[in-house]
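1. Quick one: sequence and predicted model below, then my questions.
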Amino acid sequence: MAGAPFLVTFIKRKFCPLARWRQMMIFRISILVLTYLSYMCYHASRKPISVVKNTKDFLDCDENSGLNSTNATCTSWITEINGKHESEAKTLLTILDTSYLLSYAIFMFFSGFVAERMDLRFFLAMGMMLSGLLDVLFGLAYPLGIHSIWYLIFVQVVTGLVQSSGWPGVVTAMGNWFGKGKRGLVMGIWNSHTSVGNIVGGLIAAAFTGYNWGLSFTVPGVVIAGMGLINFLFLVPSPEDVDLGPAEGTRNSVASVEVDPLLNGDIMDAEEDEETTRQHTETREREGSVASESSSAIGFCGALRIPGVMEFSLCLFFAKLVSYTFLYWLPNYIHVISGVNPEESAVIATLFDYGGIIGAVLAGVLTDKTGMSASICTIMLAIAVPVLYINHLLFSEWCPLEENGGIPMQNGCYHLDGFFLFLTGLLVNGPYALITTAVSAELGQHPSLQGSQKALATVTAIIDGVGSFGTVGTLIIAPVSSNGHWANVYYLLMAFDVCAMLLLIRLVRAEIIKLRDRGWKFTQPQPNANRSLNDS
């Protein structure tokens, strides 16, 4: 158990029940909880900038000139923004977002290769603790009176580097411990950490913006660093680290030893389980050469040749661009379009993330029932297009929010707008969540990899890395939305959704052909749910 933390090794030897399936269940629950909380902390630490940049400390433009005036000048905490026109000031402020996103996207590709070649526990814990430190450094700009945009950009760039450790780390750990049965449902529920993290981060930021925006970054920074320490002490990246073997359905293994008691409801006694343990150990020793071959890392070009990786990566490029536009600009949109104060705008914006939680679970369940992940993504993206348009018209023309002293009035329009914002989050984040979790894990264990245990980190990094480059497109939101032209932003988002759909046409065709060959009957996905991709 060389890869297991000392505390876990001690607890397993002294207190863990003898039945192997009980041990597997306990470790799986711990991995589910640790990885969920970890990535929730990652997103909670990313959210504050979208809230803080709407405050008058960061951007206070001359309201007497009107929202649509090109002559409005702004003051800001950041020296380089003082005296700039509103459109130029917003563009400069957007650089804080895109500097992080570009850094994250670039280093995501390298992160997957590093994750394959070092202990995931060290990799993830180190990334989280460094992320916490950098968030604290950003927040310290307030009490220390640091007004330079270059200091903030530098912190954002390095933060993007270290935060790229998160996704390959948590997805690979989940893929190691959970088999392919019901993966869409498990990953869908698990992936709600993204939306929950956005909600938590937004609420924390909103709580401090009124008197000390620095704490909006410092508090999430301390939390993610603390979670990194917990991972260092307790995270077990793979069943092999605690002598439990691979999770069933993930590789060639004797995994039935672990799942048979769960399926049959039998409880092994101590003597029988000890005998099973000895047999399992002997089997692993005999298969040692095979295991060493399957644990070899995969190259970048090899990962790109896996059927479906390119299509889903490019689809995620546009899907993630739409999602991150809402992540970074939705509070600002609500504030500008309705006059609601920044704190309340951040709270209303969380409805989008609540919808994202349901969307992730729904997409996962539908994929488990049909085995048609590309088709599910395409349908949700298609419905999202008209819903995006309706969402904008409701906020801007049909039923705008009413406010009193910056506080929204909870009338019929408030609830109707909130519902469509929730629905938008469901349809936008559903495909995004499905591609980054269940699809990535499935493709990372494609038969063409011949059971490689280390390929998942690279495949995950490639898919999320390409998708993350799409988020850099949020840089165009400021100039496009200048002078109150928010309708243009929504037209762009609708076009991006259409592009995401078009990129999946080949995979959808392959899935439909497969469905026709089965007599138009849906079946539970086979261990390789994406093997139909080869048919096209």
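-> Yes, it's here.
2. V162 belongs to a helix?
-> Yes. Looking at V162 with DSSP: H, G, I helix; E, B strand; the rest coil, it is inside a helix.
3. Pretty sure it sits against G132.
-> No. Applying Cβ atoms under 8 Å as the test, V162 and G132 come out as separate, 9.5 Å apart. Just so you know, the C-beta spots here come from the backbone N, C-alpha and C atoms, and that holds for glycine as well.
4. More neighbours: the two, which one.
-> G132 (24 against 21; other Cβ atoms under 10 Å).
5. ok, the more buried one - contacts?
-> 45, 221-226, 228 (Cβ atoms under 8 Å, 6 or more residues apart in numbering).
6. The same query, at a cut-off of 6 Å, please.
-> Going by Cβ atoms under 6 Å, 6 or more residues apart in numbering, G132 touches 221, 224-225.
7. For it, what is the enclosing helix or strand?
-> helix 120-139 (DSSP states H and E).
8. buried residues in that helix?
-> 120-121, 123-139 (16 or more other Cβ atoms under 10 Å).
9. What distance do you get for N341 to V347?
-> 10 Å (Cβ to Cβ, to the nearest Å).
10. Next, show the common contact partners of those two.
-> With Cβ under 6 Å, 6+ apart as the test, N341 and V347 reach no residue in common.
11. What is the neighbour count of the residue lying closest to F420 once chain neighbours are set aside?
-> Spatial nearest neighbour of F420, excluding adjacent residues (Cβ to Cβ, 6 or more residues apart in numbering): N391 at 4.7 Å. Using other Cβ under 10 Å, N391 has 22 neighbouring residues.
12. on contacts alone, who are the packing partners of the helix or strand encompassing N391?
-> Following DSSP H and E, one finds N391 within helix 373-393. In terms of contacts (3 or more Cβ pairs under 6 Å, 6 or more residues apart in numbering; DSSP states H and E), helix 373-393 is packed against helix 342-370, helix 412-434, helix 486-502, helix 505-517.
13. Put together JSON lines for these, with distance to S216 and mean pLDDT on each row.
-> Shown next, in JSON lines, are the helices and strands packed on helix 373-393 (distance: least, Cβ to Cβ, whole Å; pLDDT from 0 to 100):
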{"stretch": "helix 342-370", "distance to S216": "10", "mean pLDDT": "91"}
{"stretch": "helix 412-434", "distance to S216": "22", "mean pLDDT": "94"}
{"stretch": "helix 486-502", "distance to S216": "25", "mean pLDDT": "94"}
{"stretch": "helix 505-517", "distance to S216": "41", "mean pLDDT": "92"}
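14. Quick one, which of those helices gets closest to I383.
-> helix 412-434 (5.5 Å; Cβ to Cβ).
15. Run through who's touching the closest one.
-> Here helix 412-434 has contacts from 191, 319-320, 322-323, 351-352, 354-356, 358-360, 363, 377, 380-381, 383-384, 387, 391, 394-395, 399, 408, using Cβ under 6 Å, 6+ apart.
16. okay if I get the helices and strands packed on helix 373-393 as a markdown table plus distance to K14 and mean neighbour count?
-> Listed next are the helices and strands packed on helix 373-393 as a markdown table, based on distance: least, Cβ to Cβ, whole Å; neighbours: other Cβ atoms under 10 Å:
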| stretch | distance to K14 | mean neighbour count |
| --- | --- | --- |
| helix 342-370 | 37 | 24 |
| helix 412-434 | 39 | 23 |
| helix 486-502 | 51 | 19 |
| helix 505-517 | 49 | 17 |
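17. Would you format those helices as CSV with distance to N212 included?
-> Shown next, in CSV, are those (distance: least, Cβ to Cβ, whole Å):
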stretch, distance to N212
helix 342-370, 13
helix 412-434, 29
helix 486-502, 30
helix 505-517, 49
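18. do you know which of those lies nearest F27?
-> helix 342-370 (22.0 Å).
19. Can you name every helix or strand that the closest one contacts?
-> Where contact means 3+ Cβ pairs under 6 Å, 6+ apart, helix 342-370 is packed against helix 183-190, helix 192-208, helix 309-338, helix 373-393, helix 412-434.
20. what about 8 Å?
-> Helix 342-370 sits against helix 48-52, helix 183-190, helix 192-208, helix 309-338, helix 373-393, strand 407-408, helix 412-434, with contacts defined as 3 or more Cβ pairs under 8 Å, 6 or more residues apart in numbering; DSSP states H and E.
21. Just the CA atoms from the helix holding G132 would do, formatted as PDB, please.
-> The C-alpha trace of helix 120-139 is given here as PDB (Å, rounded to 0.1, in the frame of the first residue of the first chain):
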ATOM      1  CA  LEU A 120      -2.500  11.800  -7.800                       C
ATOM      2  CA  ARG A 121      -2.800  12.500  -4.000                       C
ATOM      3  CA  PHE A 122       0.300  14.800  -4.100                       C
ATOM      4  CA  PHE A 123      -0.700  16.300  -7.400                       C
ATOM      5  CA  LEU A 124      -4.200  17.300  -6.300                       C
ATOM      6  CA  ALA A 125      -3.300  18.300  -2.700                       C
ATOM      7  CA  MET A 126      -0.400  20.500  -4.000                       C
ATOM      8  CA  GLY A 127      -2.600  22.100  -6.600                       C
ATOM      9  CA  MET A 128      -5.300  23.000  -4.100                       C
ATOM     10  CA  MET A 129      -3.000  24.400  -1.400                       C
ATOM     11  CA  LEU A 130      -1.200  26.600  -4.000                       C
ATOM     12  CA  SER A 131      -4.600  27.700  -5.300                       C
ATOM     13  CA  GLY A 132      -5.600  28.700  -1.800                       C
ATOM     14  CA  LEU A 133      -2.400  30.700  -1.400                       C
ATOM     15  CA  LEU A 134      -2.900  32.600  -4.700                       C
ATOM     16  CA  ASP A 135      -6.500  33.400  -3.800                       C
ATOM     17  CA  VAL A 136      -5.300  34.900  -0.500                       C
ATOM     18  CA  LEU A 137      -2.700  36.900  -2.400                       C
ATOM     19  CA  PHE A 138      -5.400  38.300  -4.700                       C
ATOM     20  CA  GLY A 139      -7.500  39.200  -1.600                       C
END
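22. buried stuff in the helix or strand just after it?
-> Next helix or strand after helix 120-139 toward the C-terminus (DSSP H and E): helix 141-144. Of all the residues in helix 141-144, those buried under the rule 16+ other Cβ under 10 Å are 141-142.
23. returning to what we had before: if you compare the helices and strands packed on helix 342-370, which one is most tucked away?
-> When you average the neighbours per residue for each of the helices and strands packed on helix 342-370 (mean count of other Cβ atoms under 10 Å), helix 48-52 leads with a mean of 27.
24. Give me the mean pLDDT for the helix or strand that that one is followed by.
-> Next along the chain after helix 48-52, taking DSSP H and E as the criterion, comes strand 60-61. Mean pLDDT, computed over strand 60-61, is 79.
25. Which strands or helices does strand 60-61 pack on?
-> Strand 60-61 packs on strand 74-75, going by 3+ Cβ pairs under 8 Å, 6+ apart.
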